[in-house]
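*Asks:* Pasting the sequence and the predicted model now:
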Amino acid sequence: MKWMFRRKWLRATSGAISALFLVPGVFAGGHKDHPYRYSVVDVPVSLAVGTVQTPEFSVASHWYWIMIQVEKPLPFRQMQCMMGVTAGPLESKDCSSNDPLLRADWTVWDEGHMVSSGSSTTKADDKYTNQYIFKFLGSFAGEAGKKYVVKVRFTKDGTPLNVANPHLIVTRVGYE
């Protein structure tokens, strides 16, 4: 009996170790330069005051993030201030009184009916990679079989951030 248990345990352990070494990206959790490559929406946007709207898209029944992705062409601390992703007073002590530039209200629509809405925060709610900064604007629950449109209204002139190639992204929570 012990022998069979050990054999099953050895087989399971061997399979797991093989998967870790033979399947690329298991430890990495996905492509490091663009963790949200499986996004349902990824469109370039201008951060000028005004409203942008995504094309209509379908989803599975799951939660979805709405976020802005930018590259990092400017000094890192300046980008943090402009994006509103500082985590506290020590990080924001060098920010100008005009920061953050990224301020937005968002809504999610299904066939002309608003199903979710919110506003960006002025602190944190971010993720970093070597190449990008992601500012999370909000999230919503998607239902299979429905068609959604996300509208984002930028309420402050964020055009100085346009040099960072901003993209509006909608992606499944936990699916990078």
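*Replies:* Great, that's in hand.
*Asks:* For stretch 92-108, buried residues please.
*Replies:* For stretch 92-108, burial by neighbour count (16 or more other CB atoms under 10 Å) applies to Ser92, Cys95, Asp99, Pro100, Leu101, Leu102, Arg103, Ala104, Asp105, Trp106, Thr107, Val108. Quick note: C-beta positions are derived from backbone N, CA and C, even for glycine.
*Asks:* What of stretch 107-117?
*Replies:* Quick answer for stretch 107-117 (16+ other CB under 10 Å): Thr107, Val108, Trp109, Asp110, Ser116.
*Asks:* picking that back up, among the buried residues of stretch 92-108, show me the least confident.
*Replies:* Of all the buried residues of stretch 92-108, Ser92 has the smallest pLDDT value, namely 85.
*Asks:* so the residue nearest the centre of the chain bridges to which residues?
*Replies:* In the chain, the C-alpha nearest the mean C-alpha coordinate belongs to Met67, at 4.6 Å (CA atoms, centre = their mean). Going by DSSP bridges, Met67 is paired in beta bridges with Phe136, Ile169.
*Asks:* Count the neighbours of Gln131 for me.
*Replies:* 12 (other CB atoms under 10 Å).
*Asks:* What separation do you get for the residue lying closest to Thr86 once chain neighbours are set aside and Gln80?
*Replies:* Closest residue to Thr86 apart from its sequence neighbours, by CB to CB, 6 or more residues apart in numbering: Ser92 at 4.0 Å. Plainly put, Ser92 is 8 Å away from Gln80 if you go by CB to CB, to the nearest Å.
*Asks:* And the buried residues of stretch 107-117, which is closest to Pro160?
*Replies:* Nearest to Pro160 among those is Thr107, at 25.2 Å by CB to CB.
*Asks:* Could you check how far Glu91 is from Asp99?
*Replies:* Applying CB to CB to Glu91 and Asp99 gives a distance of 11 Å.
*Asks:* ok, His167 touching Asp42?
*Replies:* Yes. In this structure, His167 is within contact of Asp42 by CB atoms under 8 Å, at 5.6 Å.
*Asks:* so what's in contact with those two at the same time?
*Replies:* Shared contacts of His167 and Asp42, defined by CB atoms under 8 Å, 6 or more residues apart in numbering, are found at Gln69.
*Asks:* related to what we said a few turns ago, now do the shared contacts for Ser92 and Gln80.
*Replies:* Joint contacts of Ser92 and Gln80 (CB under 8 Å, 6+ apart) are Thr86.
*Asks:* So which of His167 and Asp42 has more stuff around it?
*Replies:* The residue with more neighbours, out of His167 and Asp42, is His167; 20 against 16, by other CB under 10 Å.
*Asks:* Now do the contacts for the residue lying closest to that one once chain neighbours are set aside.
*Replies:* Leaving aside its chain neighbours, His167 sits nearest to Gln69 (4.5 Å; criterion: CB to CB, 6+ apart). Applying CB under 8 Å, 6+ apart to Gln69 gives the contacts Tyr36, Asp42, Tyr132, Ile133, Phe134, Pro166, His167, Ile169.
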